[in-house]
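build me a model:
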Amino acid sequence: MKVVLDTNVLLISIPKASKFRPILNALRANRFSLAVSNEILMEYGEILEAKMSPQISTNILNAIWALPNIESTQVYYHWGLIMNDPDDNKFVDCAVAANADYLVTNDRHFDLLHSVDFPPIQVVSANQFLELIDQIET
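Numbers count the residues shown, from 1 in each chain. Model (predicted):
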């Protein structure tokens, strides 16, 4: 299974006490592949650094990047589907370019993708993704 994680989902999966920690644990256990573009990595870094110290942000990004199931994705086409928050389009574009199975987000701006026929993008919430992870054999 290949996914794109919105920054909000990455953030809530980091704390050890978070109910969403199984998302990060499943990533670390190679139970799914994470597709990322340079733009996504830059946003991850910016937001992590704003929420934590620069050193912790760097450590988290390095740990994620070192995983064998991280897929660097080159985006060649920008779909521009999300008008309310154009910055979110980087996740859509990456999901399409990577042929991801799921785009995981808790951001309501992505809800409009449920009515878009092309390109097909399966958007799920962090809670829905937790259920999907439980179904994956270890």
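
name the helix or strand of the chain that has the lowest mean pLDDT.
helix 54-65 (a mean of 90; mean pLDDT, DSSP states H and E).

distance between it and the chain's centre?
16 Å (Cα atoms, centre = their mean, to the nearest Å).

so which bits of that helix are buried?
S57, I60, L61, I64 (16 or more other Cβ atoms under 10 Å). For glycine as for every other residue, the C-beta is placed from the backbone atoms N, C-alpha and C.

can you list contacts of the helix or strand following it?
Next along the chain after helix 54-65, taking DSSP states H and E as the criterion, comes strand 70-72. For strand 70-72, the surrounding residues in contact (Cβ atoms under 8 Å, 6 or more residues apart in numbering) are K2, S33, L34, A35, V36, S37, N38, I64, A98.

closest to P119 out of those?
Nearest to P119 among the contacts of strand 70-72: A98, at 11.5 Å, using Cβ to Cβ.

need the contact list for the closest one.
So A98 contacts K2, V4, A35, E71, T73 (Cβ under 8 Å, 6+ apart).
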